[in-house]
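Asks: Kindly generate the corresponding structure for this input.
(one chain, ligands or ions: 2)
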Amino acid sequence: MAAASRFVCQSCGAEHRKWAGRCDACGEWNSIAEEAVTAAGAPGGLKGKKRGRQLAFESLTGASEPPPRMVTGINELDRVFGGGLVPGSVLLLGGDPGIGKSTIALQAAARLGMKGVRCVYLSGEEAIDQVRLRARRLGLEASPVQLAAATNVRDIISSLSAERADLVVIDSIQTMYLDTLDSAPGTVGQVRGSAQELIRHAKETGAVLLLVGHVTKDGQIAGPRVLEHMVDAVLYFEGERGHQFRILRAVKNRYGATDEIGVFEMTDHGLDEVANPSALFLDRRDQDVAGTVVFAGIEGSRPMLMEIQALVAPSALGTPRRAVVGWDSGRLAMVLAVLDTRCGLALGGHDVYLNVAGGFSVREPAADLAVAAALISSIAARPLPKDGIYFGEIGLAGEVRPVSQADARLSEAAKLGFRQAVIPDAKGRKGTIEGMSVTNVGQLGKLVDLIYGDDGRP
Ligand code: TYD
Ligand code: MG
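Replies: Ligands and ions are numbered 1, 2, ... in the order given. Okay, the predicted model is just below:
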């Protein structure tokens with residue numbers, strides 16, 4: 001058999017027998033590249049080959065105590081890790097360029113270094129001096145972190161074997177390459193191959209491996225989605241340009257809860273943790289403005305209040321504009337359709353703008369009721385009470401459905417000085433929150449009546 005090459009989609013990792021302009025697995029254009037197959041990666045069955053080693057099976061109960069987690073002392077970060085780093089685990093930290101991945105990675109390593117954890121920081125993107133400069137800016141230059149600028153995985157693994165590190169940061173995985181592969185750094189083959197070797201080494205030595213990875217515009221870790229399956233935790237660093245807030249979100253975590261978030265603020269001396277994010281996303285306004293409501297949400301394990309703004313204006317266009325920032329536009333279309341069909345509030349001739357303040361993006365369906373309230377308030381030109389909060393999921397029949405953790409949402413709101421809440425009917429839930437007057441709405445129509453008040457609907 002001739003030395004085979006294969007054709008691999010650089011977007012999804014699917015293999016093809018011949019080159020094509022479009023990958024039929026993921027639909028991406030111009031993403032297929034030729035890669036040489038190494039002997040180790042050559043396809044072939046096991047039948048008729050030499051027998052494998054006998055495995056020793058074990059029971060589920062074991063005598064071994066799990067080693068303690070490594071705690072960085074940065075609470076927002078430790079929370080996302082699930083209470084600290086688990087020795088031997090592999091993490092992938094993704095995010096747009098410039099969002100602060102290198103900064104947070106260096107901060108974590110330096111903090112752990114000062115606690116006596118042996119940390120190695122390998123930079124494939126920046127020179128040693130640049131990393132030092134950043135460390136000085138962060139005020140962490142005294143930490144005993146071992147630095148190196150390297151991209152060759154063979155060199156890295158040899159050096160690590162001598163170093164015996166507890167934490168290895170690879171910044172970034174897209175710059176690493178295996179000299180046994182022909183393809184360029186950053187291609188699927190290289191990223192997957194390099195990651196595989198680094199992960200194998202980390203698992204053997206019990207070190208924590210933190211892989212930094214870039215993310216493309218549509219939110220995929222550039223190139224290899226395959227990487228997400230190889231690691232124990234995937235963390236995304238997100239935030240809007242022009243806002244100093246950064247949110248670290250665990251989208252996969254074998255050792256902790258997913259959807260847990262950590263909130264940070266980018267300052268001139270690095271990323272500061274934000275201990276009370278609710279206060280951050282609320283814009284303290286003095287004037288009453290129609291179309292502005294506060295949504296009591298849950299992010300990961302904690303309640304978080306944020307402001308949702310809607311502007312509904314008559315449209316001059318044949319197809320009115322629907323512009324959404326921080327929420328799902330499909331979900332907005334659904335709320336608009338329910339308002340139209342079930343409540344007789346036709347917004348078909350209006351432009352609708354919806355915005356979650358502070359650059360945050362809300363994913364919970366529980367925001368439906370708050371969005372609806374913002375829309376109704378805007379079209380009715382009636383400001384809502386400043387000390388009110390809203391949450392609830394809206395069904396297609398116009399019903400308002402209960403959502404999880406209602407009590408946690410209410411008490412967070414009460415803690416921050418809110419005194420009124422409009423929430424779904426609480427079936428079987430008796431608890432009341434002190435100082436908070438709760439209005440239950442079972443149907444969206446009731447919310448419309450509530451906002452329009454005595455005037456009645458249009
Ligand atoms: P960086 O961590 O290099 O981003 P990434 O590794 O994700 O590409 O962060 C770069 C940005 O952060 C850059 O625009 C400068 C800004 N920054 C600060 O505002 N303050 C700081 O203390 C540091 C280190 C960076
Ligand atoms: Mg970087």
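Asks: Give me the distance between residue 133 and ligand 1.
Replies: 9 Å (Cβ to the nearest ligand atom, to the nearest Å). For every residue, glycine as well, the C-beta is placed using N, CA and C.
Asks: Check residue 321 too.
Replies: In terms of Cβ to the nearest ligand atom, residue 321 sits 32 Å off from ligand 1.
Asks: Let's verify the spatially closest residue to that residue that is not a sequence neighbour: helix, strand, or coil?
Replies: Spatial nearest neighbour of residue 321, excluding adjacent residues (Cβ to Cβ, 6 or more residues apart in numbering): residue 351 at 4.3 Å. The three-state label given to residue 351 by DSSP: H, G, I helix; E, B strand; the rest coil is strand.
Asks: Name the residues linked to residue 351 by a beta bridge.
Replies: residue 313 (DSSP bridges).
Asks: cool, and the one 5 residues further on?
Replies: Residue 356 has these beta-bridge partners by DSSP bridges: residue 308.
Asks: domains of the chain?
Replies: Domain ranges of the chain: 4-37, 75-275, 280-455, per automatic domain parsing.
Asks: I'd like the ones you listed as CSV, with mean neighbour count, distance to residue 60 and mean pLDDT appended.
Replies: What follows is those, written out as CSV (neighbours: other Cβ atoms under 10 Å; distance: least, Cβ to Cβ, whole Å; pLDDT from 0 to 100):
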stretch, mean neighbour count, distance to residue 60, mean pLDDT
domain 4-37, 15, 33, 83
domain 75-275, 19, 17, 89
domain 280-455, 18, 27, 89
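Asks: Select, out of those domains, the one closest to residue 52.
Replies: domain 75-275 (18.1 Å; Cβ to Cβ).
Asks: Could you check how far the closest one is from the centre of its chain?
Replies: Domain 75-275 sits 15 Å away from the centroid of its parent chain (Cα atoms, centre = their mean, to the nearest Å).
Asks: Thought residue 388 was touching residue 296, still the case?
Replies: No - Residue 296 is beyond contact range of residue 388, at 10.1 Å (criterion: Cβ atoms under 8 Å).
Asks: what touches both of those two?
Replies: Common neighbours of residue 296 and residue 388, using Cβ atoms under 8 Å, 6 or more residues apart in numbering, are residue 421.
Asks: The residue nearest to residue 321: what's it in contact with?
Replies: So residue 351 contacts 311, 312, 313, 314, 315, 317, 320, 321, 322, 323 (Cβ under 8 Å, 6+ apart).
Asks: would you list every one of the strands in the stretch 351-458 of the chain?
Replies: Ranges of strands in the stretch 351-458 of the chain, per DSSP state E, counting those that start in this stretch, are 388-390, 393-394, 400-401, 420-424, 437-441.
Asks: how close does residue 200 sit to residue 207?
Replies: Between residue 200 and residue 207 the distance is 12 Å, computed by Cβ to Cβ, to the nearest Å.
Asks: swap that for residue 247, sorry
Replies: Distance from residue 247 to residue 207, by Cβ to Cβ: 27 Å.
Asks: Which positions in the stretch 251-400 of the chain make contact with ligand 1?
Replies: 266, 268, 269, 270 (Cβ under 6 Å from any ligand atom).
Asks: rerun that using 8 Å as the cut-off
Replies: 266, 267, 268, 269, 270, 271 (Cβ under 8 Å from any ligand atom).
Asks: which ones are touching residue 172?
Replies: Residues in contact with residue 172 (Cβ under 8 Å, 6+ apart) are 101, 124, 125, 211, 212, 213, 214.
Asks: What secondary structure category should be reported for the fifth one?
Replies: So that's residue 212. Classified using three-state DSSP, residue 212 is strand.
Asks: Wait, it touches residue 104, no?
Replies: No - counting by Cβ under 8 Å, residue 212 sits too far from residue 104 to count as a contact (9.3 Å).
Asks: what about the helices in the stretch 301-450 of the chain?
Replies: Ranges of helices within the stretch 301-450 of the chain are 329-343, 368-380, 406-415, 444-452, based on DSSP state H, counting those that start in this stretch.
Asks: The last one to helix 329-343, inter-axis angle?
Replies: Angle, helix 444-452 to helix 329-343, by axes from the mean of the first three to the mean of the last three Cα atoms, to 10 degrees: 90 degrees.
Asks: which other residues reach helix 444-452?
Replies: When contacts are defined by Cβ under 8 Å, 6+ apart, helix 444-452 is touched by residues 338-339, 342-343, 345, 369, 372-373, 376-377, 380, 382, 384, 394, 398-400, 422, 439, 441, 457-458.
Asks: Hmm, residue 16 is touching residue 9, no?
Replies: Yes - using Cβ under 8 Å as the test, residue 16 is close enough to residue 9 to be in contact (7.1 Å).
Asks: Which neighbours do those two have in common?
Replies: Common contact partners of residue 16 and residue 9 (Cβ under 8 Å, 6+ apart): 23, 32.
Asks: of all the residues of the stretch 251-400 of the chain next to ligand 1, which two lie farthest apart?
Replies: 268 and 271 (11.0 Å).
Asks: From ligand 1, how far out is residue 340?
Replies: 43 Å.
Asks: Ok, residue 359 next?
Replies: 15 Å.
Asks: what sits against that residue?
Replies: 239, 240, 242, 243, 245, 326.
Asks: from these, which is closest to ligand 1?
Replies: residue 239 (10.2 Å; Cβ to the nearest ligand atom).
Asks: Bridged to the residue of the stretch 201-350 of the chain at minimum distance from ligand 1, which residues?
Replies: The nearest approach of the stretch 201-350 of the chain to ligand 1 comes at residue 270, 4.1 Å away (Cβ to the nearest ligand atom). Listed beta-bridge partners, residue 270: residue 267 (assigned using DSSP bridges).
Asks: Output the contacting helices and strands for the helix ranked longest in the chain.
Replies: Taking DSSP state H as the criterion, the chain has its longest helix at helix 188-205. If contacts are counted by 3 or more Cβ pairs under 8 Å, 6 or more residues apart in numbering; DSSP states H and E, helix 188-205 sits against strand 5-9, strand 32-36, strand 90-95, helix 153-163, strand 167-171, strand 208-214, helix 226-230.
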